[in-house]
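Chemist: okay, structure incoming, though there's no sequence with it:
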């Protein structure tokens, strides 16, 4: 594998880790439970989806890229550990009519993970982080939520990164 191919693979694996971290944070917020158990379940999950024919019979599987497990664990555990600080920043970035508790659970999980990543992963450009979480938002929402993700993370990126977006 060339260096260019490896870089693309690593980026995609990190994207998958972000999606899995949001799933873990969502589950922990919705049903609680043990963080390690939730994360272990995600790590052991086989990243495939059945392919069905017109009759509903399974005819194969579509494979998805495995998430970068180290990055997944760092994001999920870090976000959970720093939730009070993350929520304080999130509350400050929301409009006057919004609170963290009022946010839809999945949207809240995305924003928390994105804010944590902006706080703790200065090696990753803010633009990359914002685009990644907008992609996740676009996968689940069709109304204004992706714009909200963009607005909140962009606002906090300027604060947390002293205006540097690269």
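Modeler: Good, I have the coordinates. Predicted model, so just to flag it, every value in this text is computed and none were measured.
Chemist: contacts for stretch 109-117?
Modeler: Surrounding stretch 109-117, the residues in contact under the criterion C-beta atoms under 8 Å, 6 or more residues apart in numbering are 18, 21-23, 25-26, 29, 75-76, 78-79, 82-83, 86-87, 89-90, 103, 124, 129-130, 132-133, 136-137, 149, 152-153, 156. From N, CA and C alone the C-beta is placed, and that goes for glycine too.
Chemist: out of those, which sit inside helices?
Modeler: Among those, the ones falling in helices (DSSP state H) are 18, 21-23, 25-26, 29, 75-76, 78-79, 83, 86-87, 89-90, 129-130, 132-133, 136-137, 149, 152-153, 156.
Chemist: narrow the residues you listed to those that are buried.
Modeler: With burial judged by 16 or more other C-beta atoms under 10 Å, the buried subset of the ones in helices among the contacts of stretch 109-117 is 18, 21-23, 25-26, 75-76, 78-79, 83, 86-87, 89-90, 129-130, 132-133, 136-137, 149, 152-153, 156.
Chemist: tell me how far residue 54 lies from residue 38.
Modeler: Look at residue 54 and residue 38: by C-beta to C-beta, to the nearest Å, they are 36 Å apart.
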